[in-house]
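J.: Coordinates for the following, if possible.
(2 chains)
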Amino acid sequence: GQSLEQPSEVTAVEGAIVQINCTYQTSGFYGLSWYQQHDGGAPTFLSYNALDGLEETGRFSSFLSRSDSYGYLLLQELQMKDSASYFCAVPNQAGTALIFGKGTTLSVSS
Amino acid sequence: DSGVTQTPKHLITATGQRVTLRCSPRSGDLSVYWYQQSLDQGLQFLIQYYNGEERAKGNILERFSAQQFPDLHSELNLSSLELGDSALYFCASSPETTGGQRGYTFGSGTRLTVV
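T.: Here you go, the predicted model:
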């Protein structure tokens, strides 16, 4: 089956850079996705990596190493509004639905 | 507005009762997914439909069932409710089952409270 590991909590200050790691175990790999969820809100899609390397989208970047079954989300120039939970996700074995990690709660302070 | 509509937003009901949650996917998306999120828990995959057919099941209890109708809207039925069923229930839709470059689009969720 699939399993994902990510830290439960990360804290940082405004303007800093933070990296949220995710390691996964899956029998068939289709790609690693990241989602953001503010408290009580809907998860929103941030990024998707199917190939090794770094993908940059504004202040957020996502990295994937398929050989290490590892990826990370990099958030730069942190703002208070970045305080949220961040989930990594991989498709299930059949590639029919995303399985999510338990999430990392990011707290940004001034 | 994400384009995925879920109703109702809030639901309070008693143990043993049955409720139906409704979801309309984003226009053009054929896949609908249901997820459960309990307090301090991640998103637990329940079930997926694609163009009216069940495609995948996750950790869905036998007391729960779902269906997708010809107009692609979906309903999640929860019966014999227990206190532990209290959670946020999200519906998501996508054009690709793996998410891909566009990802899943989630609705705003239904907060179910069983008392």
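J.: separation between the closest residue to residue B:65 other than its chain neighbours and chain A?
T.: Once flanking residues are discounted, residue B:65 sits nearest to residue B:77: 4.8 Å by CB to CB, 6 or more residues apart in numbering or on different chains. The C-beta positions use only the backbone N, C-alpha and C, and glycine is treated the same way. Distance, residue B:77 to chain A, using CB to the nearest CB, to the nearest Å: 19 Å.
J.: quick one: average confidence on stretch B:28-38?
T.: Summarised as a single mean, pLDDT over stretch B:28-38 is 94.
J.: next one: stretch A:17-33
T.: On average, the pLDDT along stretch A:17-33 is 92.
J.: thinking again about what came up before, can you report phi and psi for the residue nearest to residue B:65?
T.: phi -100, psi 130 (degrees, to the nearest 10).
J.: How about the one 4 residues further on?
T.: In terms of degrees, to the nearest 10, the main-chain angles of residue B:81 are phi -60, psi 140.
J.: burial count for it?
T.: Using other CB atoms under 10 Å in any protein chain shown, the number of residues around residue B:81 comes to 21.
J.: Which residues are in contact with the residue nearest to residue B:65?
T.: Residue B:77 is in contact with B:18, B:19, B:20, B:21, B:64, B:65, B:66, counting by CB atoms under 8 Å, 6 or more residues apart in numbering or on different chains.
J.: What subset of these is buried?
T.: B:19, B:21, B:64, B:66 (16 or more other CB atoms under 10 Å in any protein chain shown).
J.: With adjacent residues omitted, what lies nearest to residue B:73?
T.: Excluding the flanking residues, the one nearest residue B:73 by CB to CB, 6+ apart is residue B:24, at 4.6 Å.
J.: one step back: for beta bridges, what are the partners of the residue nearest to residue B:65?
T.: Note on residue B:77: beta-bridge partners by DSSP bridges are residue B:20, residue B:65.
J.: who's in contact with the residue of chain A found nearest chain B?
T.: The nearest approach of chain A to chain B comes at residue A:45, 2.8 Å away (CB to the nearest CB). Going by CB under 8 Å, 6+ apart, residue A:45 touches A:33, A:34, A:35, B:99, B:102, B:103, B:104, B:105.
J.: next helix or strand past whatever helix or strand residue A:90 lives in?
T.: Assigned by DSSP states H and E, residue A:90 belongs to strand A:84-91. Sequence order places strand A:98-100 as the next helix or strand after strand A:84-91, per DSSP H and E.
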